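In: Using only what follows, build the 3D model:
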Amino acid sequence: MNTEQKAARNQRLLDDEAFLDAINEVRQAQMNAFANSGATDTAAREEAHAILRGLQQFLDALKAPLADLAVEKKRKERHRGSDRTQ
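Out: Numbering: from 1, shown residues only. Predicted coordinates for the structure are as follows:
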């Protein structure tokens, strides 16, 4: 699967309302767990923090092909532009 295919597939996920709702529910639940943990409940805060970081890494992995595709397109445009100036 090439970068353009991966980017299109991942963009469909990132545009899916049900998917985003689920992501936001998990994020909010972990933020609440973090905020409502007791002063001595470091384990709960550490777990919530780890889940939030993992969720962000997951989203970053979904967005990476989109960024890669944008870079590829810019490089092609730049290359085409340099061909015209010669």
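
In: what about Met31, distance to Gly38?
Out: In this view, Met31 and Gly38 are 16 Å apart by C-beta to C-beta, to the nearest Å. Every C-beta, even on glycine, is put in place using the N, C-alpha and C of the backbone.

In: Can you pick out the residue with more neighbours from the two?
Out: Under the criterion of other C-beta atoms under 10 Å, the comparison of Met31 against Gly38 puts Met31 first, with 13 against 8.

In: Let me see the contact set for the more buried one.
Out: Met31 makes contact with 48, 52, according to C-beta atoms under 8 Å, 6 or more residues apart in numbering.

In: Could you number the chain from 69 rather than 1 from now on?
Out: Shifting the count to begin at 69 puts that one at Met99.

In: residue nearest the centroid of the chain?
Out: Leu127 (2.4 Å; C-alpha atoms, centre = their mean).

In: In contact with it: list those residues for me.
Out: With C-beta under 8 Å, 6+ apart, Leu127 has these contacts: Ile91.

In: Just the mean pLDDT for whichever strand or helix holds Arg113, thanks.
Out: Using DSSP states H and E, Arg113 sits in helix 110-152. Averaging pLDDT along helix 110-152 gives 91.

In: Can you give the distance of that helix from its chain's centre?
Out: Once both centres are worked out by C-alpha atoms, centre = their mean, to the nearest Å, helix 110-152 turns out to sit 6 Å from its chain's centre.

In: got it, and stretch 77-91?
Out: With C-alpha atoms, centre = their mean, you get 10 Å for stretch 77-91.

In: Of all the residues in that stretch, which ones are buried?
Out: In terms of neighbour count (16 or more other C-beta atoms under 10 Å), stretch 77-91 has its buried residues at 78, 91.

In: So what touches that stretch?
Out: For stretch 77-91, using C-beta under 8 Å, 6+ apart, the contacting residues are 69, 123, 127, 130-131, 133-134.

In: how about those in CSV, adding distance to Phe87?
Out: Shown next, in CSV, are these (distance: C-beta to C-beta, whole Å):
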residue, distance to Phe87
Met69, 19
Leu123, 12
Leu127, 10
Leu130, 10
Lys131, 13
Pro133, 16
Leu134, 15
